[in-house]
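Asker: This is a predicted model, with the sequence first.
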Amino acid sequence: MADILTSAERSERMARIRAKDTAPELRVRRLLHRFGYRFRLHRVDLPGCPDIVLPRHRTVIFVHGCFWHQHPDPACRRARLPKSRQDYWVPKLRRNAQRDAAHRISLERAGWRVLEIWECETSHLSKLEGTLRSVLGNSGL
């Protein structure tokens, strides 16, 4: 299946995709802040440059986009592969998932607790709140 956009239109759309301060990431940050947690953002000295770092709790949080990091939940509709250029997308997205796993292992070996929150999970704030409370406990509340 051919792309319906011109190369310039596709380039413009791809350039708009953000790596930091995405809507799902901001939802998680607002919730953590409301709970009383203080955190650092995008620490480049840690493997994978985690989105949120809670140094006091030795916890890092990655807020993954379901498409870009290929959410393994079969019910997640955002993780579908594109129909065009699969020879490009399949290896690229597979590398992203492999890189995520390597970063997770490195962080865990260094004594960090790693939490991955998927984009689709951030739309259910009550479930997200429960996840954060169960992982972080009541120490910041």
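Answerer: Perfect, I can see it now.

Asker: Helices along this structure, start to end?
Answerer: For the chain, the helices defined by DSSP state H occupy 7-15, 23-35, 86-109, 125-136.

Asker: In TSV, list those helices along with mean neighbour count, distance to Pro47 and mean pLDDT.
Answerer: (C-beta placed from N, C-alpha, C; glycine too.) What follows is the helices of the chain, written out as TSV (neighbours: other CB atoms under 10 Å; distance: least, CB to CB, whole Å; pLDDT from 0 to 100):
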stretch	mean neighbour count	distance to Pro47	mean pLDDT
helix 7-15	10	25	70
helix 23-35	16	18	93
helix 86-109	13	4	94
helix 125-136	14	19	90
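
Asker: would you list these in TSV and tack on distance to Val60?
Answerer: Listed next are the helices of the chain as TSV, based on distance: least, CB to CB, whole Å:
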stretch	distance to Val60
helix 7-15	27
helix 23-35	12
helix 86-109	6
helix 125-136	11
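
Asker: quick one: which of those helices is nearest His64?
Answerer: Closest approach to His64 among the helices of the chain (CB to CB): helix 86-109, 7.2 Å.

Asker: Report all helices and strands that that closest one contacts.
Answerer: Contacting helix 86-109 under the criterion 3 or more CB pairs under 8 Å, 6 or more residues apart in numbering; DSSP states H and E are the following elements: strand 59-64, strand 113-118.

Asker: re the thing from before, out of the helices of the chain, the one nearest His57 is which?
Answerer: Once those are compared by CB to CB, helix 125-136 is nearest, at 6.1 Å.

Asker: between the closest one and strand 59-64, how big is the angle?
Answerer: 150 degrees (axes from the mean of the first three to the mean of the last three CA atoms, to 10 degrees).

Asker: could you give the angle of helix 125-136 to strand 113-118?
Answerer: Going by the same axes, to 10 degrees, helix 125-136 makes 170 degrees with strand 113-118.

Asker: and the angle from helix 125-136 to helix 23-35?
Answerer: 60 degrees.

Asker: Run through the neighbouring helices and strands of helix 125-136.
Answerer: Helix 125-136 packs on helix 23-35, strand 113-118, going by 3+ CB pairs under 8 Å, 6+ apart.
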